[in-house]
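> Structure here, sequence nowhere to be found:
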């Protein structure tokens, strides 16, 4: 039978050696690092016929797309598709950005209320309006459907 420890006198405390807690020492190589998702370049998915290589501002969001209804009963023109995007720039800044970036990517511009860009046999027609939120714009892109 083990011997009983001697009784403690007032003010005496029993000392026990313990290891420091595991998280008491900072070890950067063992630290968990936050992994953030990359900034979304485009929210949503562009229709397949959208002209490849046409520049869009990062942070743009697709909010509608479909076929453009042909008007008139005369000539039958090739089918046209549209996509509506919310751009993270005000309307004037969006026009300037698209003009600069599209020309840098090899698109020729014809300006007016509706901007038209051409490259080889491809074309894109763009109408830009101020968005509902400050600093945004709504843009409608029309282009031929194959």
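That came through fine. Quick caveat: nothing in here was measured; it's all calculated off a predicted structure. Residues are numbered from 1 along each chain as shown.

> For residue 91, give me the backbone phi and psi.
In terms of degrees, to the nearest 10, the main-chain angles of residue 91 are phi -60, psi -50.

> Touching, it and residue 132? I think so.
No: using C-beta atoms under 8 Å as the test, residue 91 is too far from residue 132 to be in contact (11.9 Å). Using the backbone N, CA and C atoms, a C-beta is placed for each residue, glycine as well.

> higher neighbour count, these two?
Higher neighbour count among residue 91 and residue 132: residue 91, with 17 against 8, using other C-beta atoms under 10 Å.

> what's that one in contact with, if anything?
By C-beta atoms under 8 Å, 6 or more residues apart in numbering, the contact set of residue 91 is 128, 129, 130, 131, 137.

> What segments of this structure are helices?
With DSSP state H as the criterion, the chain has helices at 91-104.

> hang on, the earlier thing: of the contacts of residue 91, grab the buried ones for PyMOL.
When burial is assessed using 16 or more other C-beta atoms under 10 Å, the buried subset of these is captured in PyMOL by this command:
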select buried, resi 128+131+137
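
> Max pairwise distance over the contacts of residue 91: which two?
For the contacts of residue 91, with distances taken as C-beta to C-beta, the pair at the greatest spread is 128 and 131 (9.5 Å).

> Common neighbours of those two, please.
Residues within reach of residue 128 and of residue 131 at once, by C-beta under 8 Å, 6+ apart, are 87, 91, 137, 138.

> any chance of the contacts of residue 91 in CSV, plus pLDDT and distance to residue 27?
What follows is the contacts of residue 91, written out as CSV (pLDDT from 0 to 100; distance: C-beta to C-beta, whole Å):
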residue, pLDDT, distance to residue 27
128, 96, 53
129, 95, 55
130, 94, 52
131, 91, 48
137, 95, 49
